[in-house]
Structures are given as C-alpha cells and as structure tokens.
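1. Sequence unavailable; structure follows:
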Ligand SMILES: *Cc1c(COP(=O)(O)O)cnc(C)c1O
C-alpha cells in the first residue's frame with residue numbers, strides 16, 4: 001500500500017474528518033495544557049482514562065455497598081464471572097482462544113509465575129535467551145530466577161545484541177543464537193516489542209526455532225498487546241504476559257494479562273505455582289485438600305481477583321472490542337507512517353532526527369523512537385513546555401550523552417492534526433525553513 005501524504009495542515013485535518021475511529025476521541029479524558037487539550041503521545045507508557053471508568057468504579061462500589069459479599073454471585077455483573085467477561089475481548093486482542101487468556105496479578109509478578117512453570121532448569125538445559133537491553137524488570141526477574149536455581153546469570157542468560165553500528169536485532173541473529181545454544185536452551189523470553197527501540201520481533205519464527213531445539217518460547221507483550229496484530233495460538237507460543245495500562249488503557253498499575261497455550265492449559269499435570277482461585281470452579285468452595293486446576297489459563301489464577309482494579313480494564317476492553325482491534329491497527333499504521341513522513345521532511349530541511357524504530361511497518365507498532373544527540377534533551381524539554389507529553393530515555397546502551405524520544409500516536413485518541421502540530425513545533429524550534 002503506497003500512502004500519499006502531504007506536509008500541510010489541511011491534509012491532516014482532512015484525514016481526521018475521514019477517520020472512522022474519530023468518535024472514540026470523545027470517550028477519553030485528556031491532560032490539559034494552558035487551558036487546552038495537550039498532545040499526549042505517551043500511550044505506550046500509560047494509556048489515557050476512558051470517561052466510562054468512573055461509572056464502572058462507582059458501580060462496583062455500589063455493589064459492595066448494597067450487597068457486599070453477595071455481589072460475588074448475584075446479578076449478571078457478579079464478581080465471580082469477572083474473568084469470563086474479559087476473556088473474549090482479550091483473546092481477540094492477542095489472537096488466542098478465550099480459554100487461553102486470563103487477567104490476574106500484575107505484570108512482573110506474572111513473569112515470575114510463568115517462569116515458575118516454564119523455567120525448571122537442569123544442569124543440561126538451563127539457558128535463557130533474552131534481547132540485550134530488555135526492560136529492566138524483565139532482566140531482574142529472569143536473573144533472580146536463574147540465581148534461585150543455583151545457576152550463574154552470566155552463563156545462563158544469553159543476550160542477543162545488535163550488530164556493531166546497528167540499533168536493531170536481526171531475526172537471523174536471534175535464530176542463529178537459538179541454534180547455537182541448542183539442547184542447553186530452556187527458554188526464549190523476549191519483549192514482543194522492545195520498549196526502547198520499538199522493534200517488533202518475528203515471534204512466529206522465533207517460536208518455531210525455540211521448539212526445534214526443544215525449548216519453550218514466551219514473550220512479554222507489554223508494548224505489543226493492543227498495538228499490533230498477534231496470533232499467539234496459531235504461532236504456537238507457549239506463554240505470554242502483558243500489562244493493561246499501556247496500549248490497553250486499563251489504568252495505572254492495572255492488572256496483567258496472561259496467555260497460556262491450550263497444549264499446556266489443558267494438561268492437568270502442567271507444573272504451576274498454585275492458589276485457590278485456580279481450583280476447579282465448581283468445587284472451589286468445598287475447600288478440599290489437593291489442588292485440582294481449572295482447565296485453560298484460568299487454572300493459573302492464584303488469588304481473588306482485584307475487582308476494583310479490574311473495573312477500568314473491563315471498560316477499556318469493551319471499547320477495544322467496539323472499535324475493533326484490526327481497525328485500530330490500521331489507523332495506527334497510517335498515523336505512524338504519517339509521523340515518519342513528517343519527520344523525514346524535517347530531515348530533508350536540515351534536522352537530524354534519527355528514527356531507530358524499523359521503517360518496515362510489519363516490524364513495529366505505533367511507537368517511533370527518535371535518537372537525538374546531546375542537545376536533544378533541550379528539544380524534548382521545549383516540547384514538554386508546549387504541552388506535548390511523550391518521553392525521554394537516556395541512551396543506556398552506548399552512553400553517548402544523547403537519548404531517545406519515544407513518541408506513540410495511538411489510534412483511539414490521537415489525531416493526524418496532533419502529529420502535524422508536533423512536527424511543526426520541532427521544525428519551528430530548529431528554525432527550519
Ligand atoms: C511496562 C513494562 C513492565 C512493567 O511491569 P509492572 O510489573 O507492571 O511494573 C515490565 N516489562 C515490560 C517489558 C514493560 O514494558
């Protein structure tokens with residue numbers, strides 16, 4: 001698909017007029033700047049609040065007030081079935097069967113739990129492949145698991161690095177590393193989209209390669225869920241985890257989602273760290289000894305669901321379902337391509353904005369990571385003062401003194417006009433003609 005973009009404001013406005021997802025903009029609350037709606041490009045970090053959240057929270061508080069413990073079982077919106085109300089919409093987002101997903105706990109906690117099932121190292125098979133520069137929490141979680149089993153992280157964790165002078169990982173290098181580790185490899189555990197570069201890895205190929213050497217493949221989809229097309233079931237991915245508060249607008253510290261492929265979920269002997277909420281639902285309150293799991297991902301539940309924390313996520317999932325994840329992805333690809341086009345136009349006029357995110361649309365989501373040299377932070381601060389919210393990360397790989405500005409125009413609440421205004425602000429600041 002060749003998209004023809006133009007550098008003028010009228011073009012951006014016409015795109016917004018024709019945008020089928022436009023009505024969703026009225027369903028969000030926006031941070032204000034100088035009495036006006038600011039430009040929020042930080043949906044990769046914390047998605048905005050849907051207006052419907054307040055009413056849903058009040059509903060839960062009212063249930064608690066009116067019926068207290070009986071709210072677990074009474075009414076259509078009883079708390080007992082809250083996970084079922086989320087499974088259908090969430091399964092669509094990640095390309096799974098409804099029984100393969102569950103909402104529970106928070107993200108890093110779930111990384112530990114799933115490692116508990118999928119990382120059970122032996123002296124012969126104890127290695128984990130990660131991407132260099134993985135999100136720190138993932139690094140800490142994996143390293144502490146390795147230590148827990150008495151292995152040395154330096155030896156057990158194999159980090160795949162970009163080649164000299166490159167920013168991104170090559171799939172061929174990931175696959176070759178998997179081959180090399182062979183029978184010593186227990187698990188491949190990558191971020192689906194790297195939080196820093198915005199690179200979307202080729203999850204299907206990586207999964208196949210892991211399986212070929214007898215290892216598992218699990219992914220942290222914090223930056224991928226609600227952002228790109230996923231087909232976890234068909235790809236045969238063993239497990240995945242993500243959070244609800246980034247592209248899924250589920251609220252700060254909101255609950256995490258988990259995918260467990262049915263080949264594991266339907267196996268009652270699947271090893272797990274168990275709790276009573278994963279017990280066969282019909283008999284859970286018989287309070288028997290000896291654990292009998294629910295089948296599917298629901299059998300991974302440990303604790304009573306956090307009904308109040310789940311409420312915003314219910315609202316946001318309903319919106320995603322109404323919008324249609326494929327419609328969202330279609331707009332996000334176009335909006336991101338438009339941002340890229342305008343940044344390249346600035347570069348042609350003399351700017352030096354180095355986009356490190358892959359140019360190939362199938363290898364990225366909505367986020368563009370723009371590498372800036374030393375003076376880049378001043379540009380970022382200028383944009384912040386103008387009411388643009390995006391984020392800045394120091395260059396932690398090469399310690400160059402520069403950094404990366406991450407910009408994520410998301411489909412449900414960002415506009416072409418905002419992308420236009422953003423790039424115009426940069427052009428004006430740099431004094432480009
Ligand atoms: C956002 C993010 C986290 C955060 O984990 P929490 O447990 O929710 O604080 C972890 N890993 C990745 C890859 C992330 O992007």
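-> Yep, that arrived. Since we're looking at a predicted model, the values are computed, not measured. Numbers count the residues shown, from 1 in each chain.
2. Who are the packing partners of the longest strand anywhere in the chain?
-> For the chain, the longest strand by residue count, based on DSSP state E, is strand 185-191. Applying 3 or more Cβ pairs under 8 Å, 6 or more residues apart in numbering; DSSP states H and E, one finds that strand 185-191 makes contact with helix 107-118, strand 127-131, helix 136-148, helix 171-181, helix 203-212, strand 216-220. C-beta here means a position set from N, CA and C on the backbone, and glycine is covered the same way.
3. Any idea which helix or strand in this structure has the lowest mean pLDDT?
-> strand 391-394 (a mean of 89; mean pLDDT, DSSP states H and E).
4. What strands line up against that one, and which way round?
-> strand 403-407 (antiparallel) (DSSP bridges).
5. what mean pLDDT does the partner strand have?
-> For strand 403-407, mean pLDDT rounds to 95.
6. how much does the longest strand of the chain deviate in direction from strand 127-131?
-> Going by axes from the mean of the first three to the mean of the last three Cα atoms, to 10 degrees, strand 185-191 is angled at 20 degrees with respect to strand 127-131.
7. and strand 185-191, how far from the chain's centre?
-> Mean-position distance between strand 185-191 and its chain equals 17 Å (Cα atoms, centre = their mean, to the nearest Å).
8. That strand and the ligand, are they touching?
-> Yes. Interface with the ligand: strand 185-191 contributes residue 191 (Cβ under 6 Å from any ligand atom).
9. ok, residues contacting the host helix or strand of residue 310?
-> In the assignment (DSSP states H and E), residue 310 maps to helix 307-323. By Cβ atoms under 8 Å, 6 or more residues apart in numbering, the residues outside helix 307-323 that reach it are 21, 24, 27, 47, 49-50, 52-53, 56-57, 59-61, 79, 82, 85-86, 88-90, 92-93, 103, 226, 244, 248-251, 253-255, 328, 411-412.
10. pLDDT averaged over it - what is it?
-> Helix 307-323 comes out at a mean pLDDT of 97.
11. after it comes which helix or strand?
-> Downstream of helix 307-323 (by DSSP H and E), the next one is helix 325-348.
12. Tell me which of the helices and strands packed on strand 185-191 is the most buried.
-> Sort the helices and strands packed on strand 185-191 by mean neighbour count, taking mean count of other Cβ atoms under 10 Å, and strand 216-220 sits at the top with a mean of 26.
13. orientation of it relative to helix 107-118 in degrees?
-> Computed by the same axes, to 10 degrees, the angle between strand 216-220 and helix 107-118 is 180 degrees.
14. what's the angle between strand 216-220 and helix 203-212?
-> 150 degrees.
15. near the ligand at all, strand 216-220?
-> Yes. Judged by Cβ under 6 Å from any ligand atom, strand 216-220 and the ligand are in contact via residue 220.
16. so what does the helix or strand that that strand is followed by touch, helix or strand wise?
-> Once strand 216-220 ends, the next helix or strand along the chain (criterion: DSSP H and E) is helix 232-235. Judged by 3+ Cβ pairs under 8 Å, 6+ apart, helix 232-235 is in contact with helix 203-212.
17. now the helix it packs on: mean pLDDT?
-> pLDDT averaged over helix 203-212 gives 98.
18. so can I have CSV of the helices and strands packed on strand 185-191 showing distance to residue 36?
-> Putting the helices and strands packed on strand 185-191 into CSV (distance: least, Cβ to Cβ, whole Å) gives the following:
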stretch, distance to residue 36
helix 107-118, 34
strand 127-131, 39
helix 136-148, 35
helix 171-181, 44
helix 203-212, 40
strand 216-220, 36
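19. Can you give me the distance of residue 101 to residue 32?
-> Using Cβ to Cβ, to the nearest Å, we find residue 101 at a distance of 36 Å from residue 32.
20. Residue 193: neighbour count?
-> 29 (other Cβ atoms under 10 Å).
21. make that residue 255, sorry
-> Residue 255, neighbours per other Cβ under 10 Å, totals 24.
22. got any ranges where this protein has weak pLDDT?
-> 1-2, 396-400 (pLDDT under 70).
23. what does it put close to the ligand?
-> 106, 107, 108, 135, 137, 138, 191, 195, 220, 222, 223, 243.
24. ok, residue 183 - contacts?
-> Here residue 183 is in contact with 124, 125, 213, 214 (Cβ under 8 Å, 6+ apart).
25. ChimeraX command to pick out the buried ones of the residues you listed?
-> Command for ChimeraX that selects the buried part of the contacts of residue 183, burial taken from 16 or more other Cβ atoms under 10 Å:
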select :125,213
